[in-house]
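S.K.: Pasting the sequence and the predicted model now:
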Amino acid sequence: MTDFFSTTQGIMTLGALIGAGSYAIGASARSVLTVSGSLFKPSRSEQNARSLAMVTVLALDDYVGACFAAVHDKPEFNPAEEIEFAFHVPEPVLALPKDVNWQLLGTELGEEIQWFSNRVSNLENALDSLDLSKSSHDGFFERRVAGYTQLAVRAMDLITLVCEKFGLVLPEKPDFYNQADRFARILQNVQGPTGAKTDARGAVQADADNVTPLFPKTS
């Protein structure tokens, strides 16, 4: 038998056997790597869910920041017309992604996000329904502050839920920019229409050095 492999034909046969064995081993190794890779690689659905979670958290965080600015922005009143006033920052706008499958976040969490969008619309419609010509502007200012504060607190709760479920971590914010603490204090200090109006009118003066007057001064 050994004499056969010492011949030219035997050497060629031995080389063919070695080559076939090497190919089989290589193919098996590739199969193992492919299977193990598929076990650890996130599915397309998981990747889509995480991406949706990320953009949702960012949209909610932007809304919280806009609410924070809005509730700390005191209106400036027109000296010539008591009913006329203006704010210095735009109203908060919730910019959640559109035409997405919210079920990717899970049934309960996805529905909570959609309900939150509805709550935002409800507050905006409710504020628009107030009669600003009434005494104390129909309680517009304290209702606006309380409404945006409550929405911001709820948005922060949703951010926490989404981050915990998908392992997301928001960038740190400056220590002096403690939104949760400031919102909590606002909710504790919400007063009736008279007190809220006095606070809104008195917090920002038209001739303050760091505020550009929105209405011309009257002599």
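M.R.: Received, thanks. Residues are numbered from 1 along each chain as shown.
S.K.: Name the SS class of residue 84, please.
M.R.: strand (DSSP: H, G, I helix; E, B strand; the rest coil).
S.K.: How about the nearest residue to it once chain neighbours are set aside: which residues does it bridge to?
M.R.: Closest residue in space to residue 84, ignoring its immediate chain neighbours: residue 78 at 3.9 Å, by Cβ to Cβ, 6 or more residues apart in numbering. Backbone N, C-alpha and C define where each C-beta goes, glycine included. Residue 78 has these beta-bridge partners by DSSP bridges: residue 81.
S.K.: What segments of this protein are strands?
M.R.: Using DSSP state E, the strands found in the chain span residues 76-78, 81-86.
S.K.: Can you add distance to residue 68 and mean pLDDT and give those back as JSON lines?
M.R.: Output for those, formatted as JSON lines (distance: least, Cβ to Cβ, whole Å; pLDDT from 0 to 100):
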{"stretch": "strand 76-78", "distance to residue 68": "19", "mean pLDDT": "88"}
{"stretch": "strand 81-86", "distance to residue 68": "19", "mean pLDDT": "83"}
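S.K.: Comparing these, which stretch has the densest surroundings?
M.R.: Ranked by mean neighbour count, the strands of the chain are led by strand 76-78 with a mean of 19 (mean count of other Cβ atoms under 10 Å).
S.K.: for this structure, what helix or strand is lowest in average pLDDT?
M.R.: Least confident helix or strand of the chain, by mean pLDDT, DSSP states H and E, is helix 193-202 with a mean of 44.
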